[in-house]
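Sequence and predicted structure, then a few things I'm wondering about:
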Amino acid sequence: MRADRYKHLFTKELLMGPNAVRLLEEMLENHPIRGGRVLDLGCGTGLTSLFLARETGAEQIFAVDLWIPATENWKRIREWGEERKIIPLHADARDLPFPEDFFDVIVSMDSYHYYGCQERFFAEKMLPLIRPGGRALLLVPGLKREFEGDAPELLVEWLGDDISTFHDGNWWRNHIAQGCEDRIEVEVFETRQFEQPWQDWFDCGHEYGLDDQKFFSRGVDQFLSFIAIAVRVKEGGLSAPCSAIST
Ligand SMILES: C[S@@+](CC[C@H](N)C(=O)[O-])C[C@H]1O[C@@H](n2cnc3c(N)ncnc32)[C@H](O)[C@@H]1O
């Protein structure tokens, strides 16, 4: 695995949850990035931006995050020698400062569920930024399947209010397509990897990771999976409905 080249960076200072570098590598196996301008949305400390810069053909990567200051990420980007490719930015995914049709690919690892559960979020906030023919690769922690009634107490205890952001693949497929069914193709799959990304998080010794590990030892993992979502924006996506109306 190419992710293993970055093992020295899987530390409690840099990891912010289950190891997104490993999961990104897996997503890229079937959905490679061969060039273009990429948005790494909710990039955290920038580990996935580094992987995109070194292990894909991406020419330019905008590393955008809300909780981590851009200056902190810029310092790391310079230490990594990737300042020509990676541009750090402090911004909110709900109000991004980019022009329309700007990105070839939007990547978002373990972040989209914090803001993307809003109604029609993809149609209104993501789609305008992606050029026709472009893509989004989104990875969220989620459920193996939705619950019929109330969620199990253990899961509620672990997630608190964040429980409303955990869903299964079918839910995500329908949710992403809201308001843009005719303009995108959505593929949703569970990742092959589950244990190792979590194990890296527990092993790094971060206090939140150790807390998560306690819930895993009580069995919370039986409900969980990683949900990978690959979206393709159809060619001429924006102009097709308008030209249809005007003729
Ligand atoms: C669990 S961390 C994951 C970070 C990184 N993607 C990774 O996997 O290591 C979630 C990230 O989502 C970002 N985030 C949450 N809400 C956001 C928002 N509204 N706009 C941009 N980023 C957001 C946070 O700043 C945080 O870095």
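Sure, I can see it.

Contacts for stretch 46-56, please.
2-3, 6, 9, 14-15, 20-21, 24-25, 28, 32-34, 38, 40, 43, 58, 61, 63, 65, 68, 73, 76-77, 80, 82, 85-86, 88, 107, 109 (CB atoms under 8 Å, 6 or more residues apart in numbering). Quick note: C-beta positions are derived from backbone N, CA and C, even for glycine.

For that stretch, which residues meet the burial criterion?
Gly46, Leu47, Thr48, Ser49, Leu50, Phe51, Leu52, Ala53, Glu55, Thr56 (16 or more other CB atoms under 10 Å).

quick one: Tyr6 and Arg22 touch, right?
No. If you go by CB atoms under 8 Å, Tyr6 and Arg22 don't touch, sitting 9.2 Å apart.

quick revisit: out of the buried residues of stretch 46-56, who's near the ligand?
Leu47, Thr48 (CB under 6 Å from any ligand atom).

Endpoints of stretch 86-95, how far apart?
20 Å (CA to CA, to the nearest Å).

oh, I was asking about stretch 24-39
14 Å.

Could you do stretch 137-155 as well?
Span of stretch 137-155 from end to end, CA to CA: 26 Å.

That one close to the ligand?
No. Counting by CB under 6 Å from any ligand atom, the ligand is not contacted by stretch 137-155; separation bottoms out at 8.1 Å.

What distance do you get for the closest residue to Ser111 other than its chain neighbours to the ligand?
Once flanking residues are discounted, Ser111 sits nearest to Gly42: 2.5 Å by CB to CB, 6 or more residues apart in numbering. Going from Gly42 to the ligand by CB to the nearest ligand atom, to the nearest Å gives 3 Å.

Quick one: low-confidence residue ranges for this structure.
The model of the chain has pLDDT under 70 over residues 237-247.

Contact residues of this protein facing the ligand?
Counting by CB under 6 Å from any ligand atom, the chain sits next to the ligand at 16-17, 20, 42-44, 47-48, 65-68, 92-94, 109-111, 114-115.

List only buried entries from the residues you listed.
Judged by 16+ other CB under 10 Å, buried ones among the residues of the chain next to the ligand: 16-17, 20, 42-44, 47-48, 65-66, 68, 93, 109-111, 114-115.

Could you measure from the closest residue to Ala123 other than its chain neighbours over to the ligand?
Nearest residue to Ala123, sequence neighbours excluded (CB to CB, 6+ apart): Gly179, at 3.5 Å. For Gly179, the distance to the ligand (CB to the nearest ligand atom) stands at 19 Å.

tell me the SS of Gly179?
Here Gly179 is recorded as coil under DSSP: H, G, I helix; E, B strand; the rest coil.

what does the one 3 residues further on give?
Three-state assignment for Asp182 (three-state DSSP): coil.

ok, it to the ligand distance?
On the measure of CB to the nearest ligand atom, Asp182 and the ligand end up 27 Å apart.

Am I right that Glu25 sits in a strand?
No. Glu25 is assigned helix when assessed by three-state DSSP, not a strand.
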